[in-house]
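1. Fold the following, please.
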Amino acid sequence: MSLSSWLHQVLTPSRIKTLTQLIITFLVVGALLLFISPILRGVTTGKAIHFQSSEQLDLEVKAALEKNIATNQFFPLVSSVNLCVQVNEKDTSASFRVIKTTKTNAVRKAALPCDQDSLSYDFAVKFADKNSFDLLVNDLTCDKIARINLLSKKVVVLPSKYILPGFMLNPEMKVEKYCSVLQTCLSTEKLSKTPLPC
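-> Numbering: from 1, shown residues only. Sure thing, here's the model as predicted:
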């Protein structure tokens, strides 16, 4: 049996029609995929994932703050405070207000990133990545704070109501309400060498 006669037996008119439809369908789908794949890449690796990552970072930072802020050794020592905590991670950022009053405490999403609105807060801090944030917030102790400089530009204290640019204390703000916190980490001798009225 020759190849041509075998093809005539196998490829009946109905099979040829079906095969042609399949080939055209595959070509059309393939062409569409080639055409829209750059668009799909833009959607799945661009803004869509950016927003998912930003939302994920928000969730993780908020959960860590809620879990650890109220249980750290300093929180009970102050009657009120208004903090801003910003965590950057690659091209995303999360900023939260940590509020404590005599009646309540809360962690709220900040309206603006801390580094754009830091003067609205008593204190503001920015972490260059989530790892440095986790290292400090999950075990906020005097020792960790003292070693914060080892994180080399990973933690930035932003200007705020109490801390002026250049890391100077604002003389118009009374720091006495934070003396109990300072006394936890600094000895009386060390405190006496500072301009702090504690």
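2. centre of the chain versus stretch 160-170, how much separation?
-> 24 Å (C-alpha atoms, centre = their mean, to the nearest Å).
3. Can you give me the end-to-end span of it?
-> End-to-end distance for stretch 160-170, by C-alpha to C-alpha, to the nearest Å: 9 Å.
4. let's have the chain start at 274 instead
-> Let's use 274 as the start, then, which means that last one is stretch 433-443.
5. Averaging pLDDT per element, find the lowest-scoring helix or strand in the protein.
-> Lowest by mean pLDDT, DSSP states H and E among the helices and strands of the chain is helix 286-315, with a mean of 46.
6. After that helix, which helix or strand is next?
-> Counting by DSSP states H and E, the next helix or strand C-terminal to helix 286-315 is helix 321-341.
7. That following helix packs against which elements?
-> strand 354-362, strand 365-373, strand 378-382, helix 403-410 (3 or more C-beta pairs under 8 Å, 6 or more residues apart in numbering; DSSP states H and E). Every residue, glycine included, has its C-beta placed from N, CA and C.
8. in it, what's buried?
-> Within helix 321-341, the residues that count as buried by 16 or more other C-beta atoms under 10 Å are S327, L330, D331, E333, V334, K335, A337, L338, N341.
9. Deepest-packed of the helices and strands packed on helix 321-341, please.
-> Mean neighbour count (mean count of other C-beta atoms under 10 Å) peaks for strand 354-362 among these, with a mean of 22.
10. Now that strand: average pLDDT?
-> Mean per-residue pLDDT for strand 354-362: 94.
11. show me what contacts V334?
-> Applying C-beta atoms under 8 Å, 6 or more residues apart in numbering, we find V334 in contact with V358, V360, A367, F369, K403, F406.
12. Can you add distance to K427 and give those back as CSV?
-> Output for those, formatted as CSV (distance: C-beta to C-beta, whole Å):
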residue, distance to K427
V358, 14
V360, 11
A367, 16
F369, 18
K403, 10
F406, 9
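13. So which of those residues is the closest to L455?
-> Comparing the contacts of V334 against L455 with C-beta to C-beta picks out V358 as the nearest, at 19.7 Å.
14. Excluding residues flanking it in the chain, which one is nearest that closest one?
-> Counting by C-beta to C-beta, 6 or more residues apart in numbering, V358 lies nearest to F369, which is 5.3 Å off, once chain neighbours are set aside.
15. so how far is G439 from the one you found?
-> Distance from F369 to G439, counting by C-beta to C-beta, to the nearest Å: 26 Å.
16. repeat for L356
-> Applying C-beta to C-beta to L356 and G439 gives a distance of 20 Å.
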